[in-house]
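Chemist: Fold the following for me, if possible:
(chains A and B)
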Amino acid sequence: MSKTLFEKIWDSHIVVKKENGPSLLYIDRHLVHEVTSPQAFEGLRMNKRKVRRPDLTIATMDHNVPTTDRSLPIIDQTSSIQIKTLEKNCQDFGINLFDIDSPYQGIVHVIAPQLGITLPGTTIVCGDSHTSTQGAFGALAFGIGTSEVEHVFVTQALWLEKLKPFEIRVEGKRKNPFAVTAKDIILSIIKKIGTAGGTGTVIEYTGEGITDLSMEQRMTICNMSVEAGARAGLIAPDEKTFDYLRGRKYTPENFDELVSVWKKDLHTDPSAKFEKSFTLKIDDIAPQVSWGTNPGMTSDVTDTVPDPKEFAKGDLAQQKSAEKALLYMDLKAGIPITEIQIDRVFIGSCTNARLEDLIDASRVVKGKKVSEKVSAMVVPGSQMVKKQAEKIGLDKIFKDANFEWRESGCSMCLGMNPDILSTGERCASTSNRNFEGRQGVGGRTHLVSPVMAAAAAIAGRFVDVREMDLN
Amino acid sequence: MKSFTKVKSIVTPFDQVNVDTDQIVPKQFLKLIQKSGFGKYLFYNWRYDSNKQPISDFVLNDSKYHNSKIFVTRDNFGCGSSREHAVWALQDFGFSVIIAPSFSDIFYSNCFKNGLLPIQLDSKIVDSIMNSNSEIEVDLESQTITTEFQTISFEIDPHKKKVLLEGLDDISLTLEYENKITDFEKKSNVPSVL
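Modeler: Modelled structure (predicted):
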């Protein structure tokens, strides 16, 4: 029987299948961070249970960690407690932890692929919705709640209702692939299908527009699948996938053997049926800038802030939501996106803080200065990204332009550490969520690509990076 | 887990689409390491002004709804972050039932792990429930909602229903299949990461 890639991975992980009910799926990799795990560990203690497979479990601390000098103590007591709690829990339950001083510390979805923990055809979970990032390697990777974290600790398996396979075909070639990025592709998709467009599905991204992308760019696409409502995103592995993973810290010894199996198995059969499909043509798409309070509220940089009525196309609830968003964002319908002035720039997060993101952004800022009224920061996704970037002098380029160059972590993507927006501040951010208050109470977030964020930092407002002079 | 059978109360109408979990529990309250006490942080940034004073026209601050156990809202409720804190907060505040035309996947699944019943209904029916001023009764056993004017049926997966009705511990249930997990592991060739 012909199957989609998703169905193949799903079927090969079924431990128990209930008639007309959920299946118990085996979990190959469990990633853990400090925010969604303490209550799960507490549950283990209360019930005198152990972690079944510590050898399939990896932990790091990313949400709370300060991005400033790490030799100093953590000032926020509650953050400090949460971090120490993870240390103790990992020690007590025998889990491999990349702590704040580890050279492998970083955002969990950035380090797992970098360490070769993420492998094609596997099931990967983490108490974090952006686990979907790792679907870029052809893994079924998705976020779970804390109760499920506890369940995976004890059983290394999860009960799940079968999700629906959804194909998103990305066709065509971008005219300017430096300025129109993977971020613009995924924002364009979410703009079209909406933030609930993928609910109940696993999206498989196919087509030339996807295979043309590097692994890091593919991660940006899969990362934001959850912003379209999907539980996971998937991209069939190819030579780029295998080349990326070869020779990393935890890449298995029999890697080449595995590659030959993956090449044979891990693709959607030509006659397999998806339950849903959508096609995006990318030849003419523009850099994207979000103007509202969810990622579907996004416009081309060449466009204006839309009228809520036109945006909602007759849906009253959506219209109300767009009106509320404009009020929160302090924007008026009809103003050009390029007239929106910004106060802050954040280049970071599991969406866009990998080496290529930083290289591209550095090309935009090289030899220029951040606008005097803007404060801008770069937060590499991991210590490994930071070291690699420093090796090729990116830190110097950013610092010379008056960007702050920070230590790795989630940072201002959700502001659980001291990196937050003040009320009323407006930020060009390479992160994934422009929800109210996400980057700080009363803060206003505009989602953009790293090159668009870099360009905005220089200009003090949004500009079309395609028009910038990049010596 | 506490078992769920019936709930009778007035409804709290929450007339907004795409309510994300960052709104349900803002990130500044995710640093706690226990499950209890999140009710006071529910919709914190919408409930309180910058001086920590209740915002009078926000629905949860309306004394009329203070004993409500049923929360009625719009499409795509609970989207965004996987934080189970959102469920803990709704429950700790006093809600036992959430009714909406659609839910985000992770939020929906988190509800069942804590004995909170999410009910998905057609948006027109949600409209009528949202506008009901008198008490309604939600009965899980018979899968019905009884309002002043009508009785409405709702769908729920039988496995999830049983877990809620009996207040079962998911992990204990799964451990009944431990042999099968062990068998699966013997066949699996996924390399470890240590």
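
Chemist: Closest residue of the stretch 201-350 of chain A to chain B?
Modeler: A:P252 (4.0 Å; CB to the nearest CB). (C-beta placed from N, C-alpha, C; glycine too.)

Chemist: Can I take it that that residue is in a helix?
Modeler: No - going by DSSP: H, G, I helix; E, B strand; the rest coil, the assignment for A:P252 is coil, not a helix.

Chemist: how far away is the nearest residue to it once chain neighbours are set aside from A:T131?
Modeler: Leaving aside its sequence neighbours, A:P252 sits nearest to B:P191 (CB to CB, 6 or more residues apart in numbering or on different chains; 4.0 Å). From B:P191 across to A:T131, the span is 20 Å (CB to CB, to the nearest Å).

Chemist: Of those two, which one has the most company?
Modeler: Between B:P191 and A:T131, A:T131 has the larger neighbour count (other CB atoms under 10 Å in any protein chain shown), namely 30 against 19.

Chemist: Go over the secondary structure and confirm that one is in a helix.
Modeler: Yes - according to three-state DSSP, A:T131 belongs to a helix.

Chemist: I figured it hits A:A141, correct?
Modeler: Yes - at 4.9 Å, A:T131 counts as touching A:A141 under the criterion of CB atoms under 8 Å.

Chemist: Common neighbours of these two, please.
Modeler: In terms of CB atoms under 8 Å, 6 or more residues apart in numbering or on different chains, A:T131 and A:A141 are both contacted by the residues A:124-125, A:232.

Chemist: want to throw the residues you listed into a markdown table with distance to B:F149?
Modeler: What follows is the shared contacts of A:T131 and A:A141, written out as a markdown table (distance: CB to CB, whole Å):
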| residue | distance to B:F149 |
| --- | --- |
| A:I124 | 48 |
| A:V125 | 44 |
| A:A232 | 42 |
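
Chemist: most surrounded residue in those residues?
Modeler: For the shared contacts of A:T131 and A:A141, the largest number of neighbours (other CB under 10 Å) sits with A:A232, at 28 neighbours.

Chemist: For that one, give me its contacts.
Modeler: Going by CB under 8 Å, 6+ apart, A:A232 touches A:6, A:131-132, A:135, A:140-142, A:163, A:202-203, A:222, A:225-226.

Chemist: Let me have these in JSON lines, adding secondary structure, pLDDT and distance to B:F38 as columns.
Modeler: As requested, the contacts of A:A232 are exported to JSON lines (DSSP: H, G, I helix; E, B strand; the rest coil; pLDDT from 0 to 100; distance: CB to CB, whole Å):
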{"residue": "A:F6", "secondary structure": "helix", "pLDDT": "98", "distance to B:F38": "34"}
{"residue": "A:T131", "secondary structure": "helix", "pLDDT": "98", "distance to B:F38": "23"}
{"residue": "A:S132", "secondary structure": "helix", "pLDDT": "98", "distance to B:F38": "25"}
{"residue": "A:G135", "secondary structure": "helix", "pLDDT": "98", "distance to B:F38": "30"}
{"residue": "A:L140", "secondary structure": "strand", "pLDDT": "98", "distance to B:F38": "30"}
{"residue": "A:A141", "secondary structure": "strand", "pLDDT": "98", "distance to B:F38": "28"}
{"residue": "A:F142", "secondary structure": "strand", "pLDDT": "98", "distance to B:F38": "24"}
{"residue": "A:L163", "secondary structure": "coil", "pLDDT": "97", "distance to B:F38": "28"}
{"residue": "A:V202", "secondary structure": "strand", "pLDDT": "98", "distance to B:F38": "30"}
{"residue": "A:I203", "secondary structure": "strand", "pLDDT": "98", "distance to B:F38": "31"}
{"residue": "A:C222", "secondary structure": "helix", "pLDDT": "98", "distance to B:F38": "30"}
{"residue": "A:S225", "secondary structure": "helix", "pLDDT": "98", "distance to B:F38": "28"}
{"residue": "A:V226", "secondary structure": "helix", "pLDDT": "98", "distance to B:F38": "22"}
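
Chemist: Close to chain B as well: tell me which of those qualify.
Modeler: Subset of these in contact with chain B: A:163, A:226, counting by CB under 8 Å from any CB of the partner chain.

Chemist: export the contacts of A:A232 to TSV and tack on distance to A:V370?
Modeler: Below are the contacts of A:A232 laid out as TSV (distance: CB to CB, whole Å):
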residue	distance to A:V370
A:F6	43
A:T131	33
A:S132	32
A:G135	35
A:L140	41
A:A141	35
A:F142	37
A:L163	43
A:V202	40
A:I203	36
A:C222	31
A:S225	32
A:V226	31
